[in-house]
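1. any chance you could fold what I've pasted below:
(one chain, ligands or ions: 1)
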Amino acid sequence: MRKPFIAGNWKMNNTRAEARELVTALKPLVASVDGVEIAVAPTFTCLQDVAELLKGSNIELSSQNISYAAKGAYTGEISADMLKDVGCSHAIIGHSERRQYFGETDESVSKRVRAALDNGIVPIVCIGESLDEREAGKTFDVVLGQLVNGLSSVKREESATVVIAYEPVWAIGTGKTATPEQAQEVHAAIRAKLAELFGQDNADAIRLQYGGSVKASNARELLGQKDIDGALVGGASLKADDFAAIIKAAVA
Ligand code: PGA
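-> Have a look, this model is predicted:
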C-alpha cells in the first residue's frame, strides 16, 4: 500500500517572516494527521527558518531544486550536502517552470536526480505536457519521454524511493485542473512505464503525485484515483487552511 504524499511547492513566495507564519499556522492543523506524508518546499532563503520550526513535527522539508554538482564553481547553485545540512529530506527536480524559464532539460534533471539519490535526498521528479502538446495528441510521448530520460540515472534497486509528480503544464496556476479521469489515464501510463523500467514491484511502490491547480475542493476526487498517490500543490499550499484541507483529503 502506497502512503499518500502531499507536498507544498511555495515557489518564489514568502519572506522569512511570512514563511515562519505559514508553517506555524500549518503545524497544529495537521499534527494529528496519520497515514499521510507531508512536506513543504520553501525558497532557499527560508529553509533554515522553516527547518527550525518543523523539528519534531510530522512535516518534512524539501528544496525546490538541487545542484547536480557536489561543490565548487557553480554560481547560484545549491548542493545536496548543503540541503542536507539545512534539514532537507526531499528535492523537487525539473519543475516545468525550471524547464520553461531556466533551460532545465531531461539531461540536467537526470543528473540532479543522481545527485539527490547519492546523498540520501528523495527526488520529486516533475513531468508534464504543455497545452499544445496535449492538443497535438502528444501527451503520452512527452510525459513518458521525460520520465524515461529524467530517470536514466536511477538504478532498479533505488527506484522505489523516487517520487514522480505529473503536472500538466496547462493546469499549473491556471485554475484548470485535469479531470480525475484525465489524470488517472496518464498516471496509469506512467506506472506501466515504470514497471518496464524497474519491474512491477518497484513500480507499485513508487508514489505518483498529481499537480496543477489542486485545491481542497478537487483534492478528494483526484486522490481517489487508483494511481494518484498524492499531490504537489502550488498556490493552495500558501494558505495553511487550504493546504491542511488538501492533506486531510488524502487521509484514507
Ligand atoms: P498550482 O502549482 O497548484 O499553483 O497549479 C502546482 C505546481 O506547480 O507544483
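2. so which residues on the chain come close to the ligand?
-> Applying Cβ under 6 Å from any ligand atom, we find that the chain lies next to the ligand at 9, 167, 172-173, 211-214, 232-236. (Glycine included, C-beta is placed from N, CA and C.)
3. apply 5 Å and report the result again.
-> Within the chain, the positions near the ligand by Cβ under 5 Å from any ligand atom are 9, 172-173, 211-213, 232, 234-235.
4. now that we have those, which of them are buried?
-> The neighbour count (16 or more other Cβ atoms under 10 Å) marks 9, 172, 211-213, 232, 234-235 as buried among these.
5. now those residues as JSON lines including pLDDT?
-> Listed next are these as JSON lines, based on pLDDT from 0 to 100:
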{"residue": "Asn9", "pLDDT": "98"}
{"residue": "Ile172", "pLDDT": "92"}
{"residue": "Gly211", "pLDDT": "97"}
{"residue": "Gly212", "pLDDT": "96"}
{"residue": "Ser213", "pLDDT": "94"}
{"residue": "Leu232", "pLDDT": "98"}
{"residue": "Gly234", "pLDDT": "98"}
{"residue": "Gly235", "pLDDT": "97"}
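6. sorry, back to before: CSV for the residues of the chain next to the ligand, including secondary structure?
-> Below are the residues of the chain next to the ligand laid out as CSV (DSSP: H, G, I helix; E, B strand; the rest coil):
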residue, secondary structure
Asn9, strand
Ile172, coil
Gly173, coil
Gly211, strand
Gly212, coil
Ser213, coil
Leu232, strand
Gly234, coil
Gly235, helix
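7. quick check, nearest of those to the ligand?
-> Closest approach between the residues of the chain next to the ligand and the ligand, by Cβ to the nearest ligand atom: Gly234, at 2.3 Å.
8. so what's the closest one up against?
-> Counting by Cβ atoms under 8 Å, 6 or more residues apart in numbering, Gly234 touches 8-9, 11, 172-173, 211.
9. any chance of the residues you listed in a markdown table, with distance to Ala73 too?
-> Output for these, formatted as a markdown table (distance: Cβ to Cβ, whole Å):
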| residue | distance to Ala73 |
| --- | --- |
| Gly8 | 33 |
| Asn9 | 29 |
| Lys11 | 27 |
| Ile172 | 33 |
| Gly173 | 34 |
| Gly211 | 33 |
